[in-house]
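Student: Need coordinates for the below:
(one chain, ligands or ions: 1)
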Amino acid sequence: MCGIVGYLGTEQAYPILIKGLKRLEYRGYDSSGVALLNEGEIEISKCRGKVSDLEDHLAGKVPEGVVGIGHTRWATHGPPNDINAHPHASGDGTLALIHNGIIENYATIKEELINRGHVFKSDTDTEVLTHLIEDIRTKTGVDLFEAIRLALSEVHGAYAIVVIDKKNPDMMIAAKKSSPLVIGIGGNGEFYVGSDATPIVEYTKNVVYLEDEEVALMDRKSGLKIVTIQNKEKVPYIQELEIKLETLEKGGYDYFMLKEIYEQPRSIIDCFRGRMNLQKGEIRMSGIDDNEEKWINAKRVIIVACGTSWHAGLVAEYLFEDIARLSVEVEYASEFRYRNPIINKDDIVVAISQSGETADTLAAIEMAKKQGAHIFGVCNVVGSTISRTTDSGAYTHAGPEIGVASTKAFTAQVTVLTLMALTVAQKRGTITDARLHRLIAELNSIPDKVTEVLKTNDQVEYISDIYKNATNALYLGRGSSFPVALEGALKLKEISYIHAEGYPAAEMKHGPIALIDEEMPVFVIATHGQSYEKVVSNIQEVKARKGKIIAIVTAGDTAVKGMADHVIEIPKTDETLVPLVSVIPFQLLSYHIAVMRGCNVDQPRNLAKSVTVE
Ligand code: F6R
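Tutor: Next up, the predicted model:
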């Protein structure tokens with residue numbers, strides 16, 4: 001989703017802004033722009049397309065200045081074009097502003113401003129906010145900081161903004177509500193701003209995460225001042241960034257997605273760290289240990305999430321119900337937040353989010369919080385809004401996930417959710433020591449098994465070549481392999497634009513079987529376990545209708561091998577943990593098919609890495 005970068009300092013701002021925008025490309029966008037303040041003038045340059053298009057557009061006439069802002073826009077109001085791209089200027093040309101989020105009452109404000117003579121060039125809510133700030137400043141004579149504060153108290157919705165002003169070349173102002181914003185504090189009075197830490201980490205580790213409804217003045221002379229919309233001064237809380245620059249680079253892989261797929265043995269181990277003690281056969285999770293009574297007495301767990309994180313939640317439903325004997329409901333956050341759901345004080349709401357910024361998940365948390373539930377967050381991005389909003393939680397420690405299609409975040413989420421289910425099961429006394437030890441040992445073996453499955457890459461590439469031109473695909477699984485089927489289908493559709501559906505294998509005969517013919521690839525998880533024979537029957541049903549079967553099987557399987565067109569073997573794994581291993585070939589498959597179809601693997605069309613609007 002939209003990205004923000006800002007710089008105020010002593011260096012030329014343009015290279016810093018462009019580099020920052022490139023680091024933010026992973027969020028998904030359709031246009032970009034920069035505004036630089038130089039010798040009392042603001043120069044705005046923006047265009048539809050990639051940051052490289054903006055660079056081409058500016059080749060030979062690079063804007064100068066030591067103060068500037070840059071933006072990648074993901075269209076919400078008005079189509080992606082040069083005019084709607086940010087930054088936007090005020091009517092008198094004194095201000096330039098960039099904005100992430102949505103101003104919900106922009107239409108009413110726009111009408112009032114038009115009545116007062118304002119003329120708008122774009123379709124955006126952002127331009128309306130820029131004019132509103134200008135209007136307040138001119139009308140009341142207050143300074144810009146106060147004008148911004150007053151303007152923001154009139155708007156409804158979500159925003160993260162950065163403003164520069166040609167009347168005040170020594171300062172930059174930022175503010176946020178429901179959309180993240182980080183301020184980096186460099187040496188020599190330098191300031192950096194980012195919609196996340198990625199454009200900042202190269203320059204400074206000292207950051208301040210703005211809270212909702214805070215306005216920050218960054219001044220070359222007087223430093224950083226933070227005031228709330230309600231006009232209360234706050235002491236900036238400076239934190240140290242933990243991410244390393246190397247983790248943001250591609251490290252020799254063609255795409256971030258491939259790098260992230262291959263990082264999974266490591267990222268799963270990172271999830272274990274400090275939590276799993278193999279020798280003692282023990283798991284400790286501080287977020288659960290600190291709220292032990294709540295988990296012991298909980299009547300129900302409600303999981304809220306979106307997309308891939310929702311699929312991880314579905315896997316967790318099997319884990320919690322089976323291991324911890326705790327009833328689980330898994331909800332799309334977007335539906336849950338508007339459904340007037342019944343939430344009891346002894347419910348625990350688990351919010352799963354890689355980015356920790358997903359607007360719907362955040363809204364679901366806030367609603368559940370008001371109704372008294374304990375909220376537990378499973379987030380990847382440290383310091384993200386969700387991780388700060390929840391009562392307790394566990395980070396997935398997968399490291400930055402840059403590819404828009406989630407891969408290592410999914411396996412990290414399932415790993416953490418497994419550790420949680422085991423921790424809760426120990427506390428609730430629902431697991432025998434023997435099973436606990438067996439599962440801990442099995443979990444410990446998962447990184448090696450994932451490494452083993454990654455060796456099927458060439459075979460998966462070969463299969464991808466055969467099915468790359470399919471127009472539809474079906475993914476089937478039973479039990480906790482059903483969410484993996486959903487995840488496989490999502491991966492294929494989102495990066496290769498092939499229509500794909502995931503189904504519980506037995507549901508096929510209630511409808512989707514009508515689609516099966518010799519053109520239809522059917523990807524089936526047919527690993528050994530309690531529903532193996534049933535899945536074998538489902539495979540036969542597909543074969544009887546000439547569908548093509550690509551099956552993920554347990555190493556050494558013979559029955560499915562005899563029926564399927566292709567089999568991909570994965571190491572024998574306890575049924576409870578199979579999703580962590582069986583998802584890998586599906587990730588590789590969608591990656592290869594997308595590459596073969598010439599798709600933009602890391603930044604698929606219309607998609608954003610962090611969905612900060614509902
Ligand atoms: C799919 C994907 C999305 C996200 C979803 C939730 O590959 O990445 O479906 O899983 O937008 O995002 P988070 O986990 O950041 O809340």
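
Student: where does this protein have its least confident helix or strand?
Tutor: Least confident helix or strand, the chain: strand 276-277 with a mean of 88, by mean pLDDT, DSSP states H and E.

Student: near the ligand, which residues of this structure show up?
Tutor: When proximity is defined as CB under 6 Å from any ligand atom, the chain approaches the ligand at 306-309, 353-355, 358, 361, 405-406, 490, 494, 610-611. No exception for glycine: its C-beta is placed from N, CA and C like everyone else's.

Student: Which member of these is positioned nearest the ligand?
Tutor: Ranked by distance to the ligand (CB to the nearest ligand atom), the residues of the chain next to the ligand are led by Gly307 at 1.9 Å.

Student: That closest one: how many residues sit nearby?
Tutor: For Gly307, the neighbour count with other CB atoms under 10 Å is 22.

Student: same check, this time on the one 5 residues further on
Tutor: Burial of Ala312 is recorded as 30 neighbouring residues (other CB under 10 Å).

Student: Over to Leu515?
Tutor: Using other CB under 10 Å, Leu515 has 15 neighbouring residues.

Student: Please report how far it lies from Lys546.
Tutor: Per CB to CB, to the nearest Å, Leu515 is found 12 Å from Lys546.

Student: Give me the next element, helix or strand, following the least confident helix or strand of the chain.
Tutor: Following the chain from strand 276-277 toward its C-terminal end, the next helix or strand by DSSP states H and E is strand 282-283.

Student: what's the very next helix or strand once past that next one packed up against?
Tutor: Downstream of strand 282-283, the next assigned helix or strand under DSSP H and E is helix 286-289. Judged by 3 or more CB pairs under 8 Å, 6 or more residues apart in numbering; DSSP states H and E, helix 286-289 is in contact with strand 392-395, helix 408-428.

Student: just those: most buried one?
Tutor: A comparison of these by mean neighbour count, using mean count of other CB atoms under 10 Å, puts helix 408-428 on top with a mean of 26.

Student: pLDDT averaged over that one, what's the number?
Tutor: What helix 408-428 shows for mean pLDDT is 97.

Student: now do stretch 518-533
Tutor: 95.

Student: same question, stretch 456-469
Tutor: Mean per-residue pLDDT for stretch 456-469: 98.

Student: list the buried ones in it?
Tutor: The neighbour-count check on stretch 456-469 (16 or more other CB atoms under 10 Å) flags 456-457, 460-461, 463-464, 467-468 as buried.

Student: swap in stretch 226-234?
Tutor: For stretch 226-234, a neighbour-count test (16+ other CB under 10 Å) marks 226-229 as buried.

Student: so Ile525 is in which element?
Tutor: Here Ile525, judged by DSSP H and E, is contained in strand 521-526.

Student: Remind me what that strand packs against, helices and strands.
Tutor: Secondary-structure packing of strand 521-526 (3+ CB pairs under 8 Å, 6+ apart): strand 472-477, helix 481-496, helix 532-544, strand 548-554, helix 579-596.

Student: same thing but 6 Å
Tutor: Contact partners of strand 521-526 among helices and strands, from 3 or more CB pairs under 6 Å, 6 or more residues apart in numbering; DSSP states H and E: strand 472-477, helix 481-496, helix 532-544, strand 548-554.

Student: Show me the contact partners of that strand.
Tutor: Applying CB atoms under 6 Å, 6 or more residues apart in numbering, the contact partners of strand 521-526 are 467, 470, 473-477, 481, 484, 488, 535, 539, 542, 547-553, 560, 582.

Student: Repeat that for stretch 548-559.
Tutor: Residues from elsewhere that reach stretch 548-559, judged by CB under 6 Å, 6+ apart: 463, 521-528, 536, 539, 542, 560, 564-569, 571-572, 582, 585.

Student: burial of the nearest residue to Ile303 once chain neighbours are set aside, as a residue count?
Tutor: Nearest non-adjacent residue to Ile303, counting by CB to CB, 6 or more residues apart in numbering: Gly313, 3.8 Å away. Applying other CB under 10 Å, we find 30 residues neighbouring Gly313.

Student: Quick check: which element contains Gly313?
Tutor: helix 307-323.

Student: Now do that helix against helix 579-596, angle only.
Tutor: Here the directions of helix 307-323 and helix 579-596 differ by 160 degrees (axes from the mean of the first three to the mean of the last three CA atoms, to 10 degrees).

Student: What does the pLDDT read for Ser537?
Tutor: Note on Ser537: pLDDT of 94.

Student: ok so, going back, mind exporting the helix holding Gly313 as CSV, just the C-alpha atoms?
Tutor: The C-alpha trace of helix 307-323 is given here as CSV (Å, rounded to 0.1, in the frame of the first residue of the first chain):
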residue,chain,number,x,y,z
GLY,A,307,-5.6,-13.5,3.6
THR,A,308,-2.7,-15.8,4.2
SER,A,309,-2.7,-15.0,7.9
TRP,A,310,-6.3,-16.2,8.0
HIS,A,311,-5.1,-19.5,6.5
ALA,A,312,-2.6,-19.8,9.3
GLY,A,313,-5.5,-19.2,11.6
LEU,A,314,-7.4,-22.1,10.1
VAL,A,315,-4.4,-24.4,10.7
ALA,A,316,-4.4,-23.1,14.3
GLU,A,317,-8.0,-24.1,14.7
TYR,A,318,-7.0,-27.8,14.2
LEU,A,319,-4.0,-27.4,16.5
PHE,A,320,-5.8,-25.7,19.4
GLU,A,321,-8.9,-27.9,19.3
ASP,A,322,-6.8,-31.1,19.0
ILE,A,323,-3.9,-30.4,21.3
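
Student: Show me what that helix is packed against.
Tutor: With contacts defined as 3+ CB pairs under 6 Å, 6+ apart, the packing partners of helix 307-323 are strand 300-305, strand 327-332, strand 347-353, helix 408-428, helix 481-496.

Student: send the alpha carbons of the strand holding Ile525 over as PDB?
Tutor: Taking Å, rounded to 0.1, in the frame of the first residue of the first chain, the C-alpha atoms of strand 521-526 are listed here in PDB:
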ATOM      1  CA  PRO A 521      -4.900 -29.500 -13.000                       C
ATOM      2  CA  VAL A 522      -5.900 -30.600  -9.500                       C
ATOM      3  CA  PHE A 523      -3.300 -30.200  -6.800                       C
ATOM      4  CA  VAL A 524      -3.900 -32.600  -3.900                       C
ATOM      5  CA  ILE A 525      -2.300 -33.000  -0.500                       C
ATOM      6  CA  ALA A 526      -2.300 -36.700  -0.100                       C
END
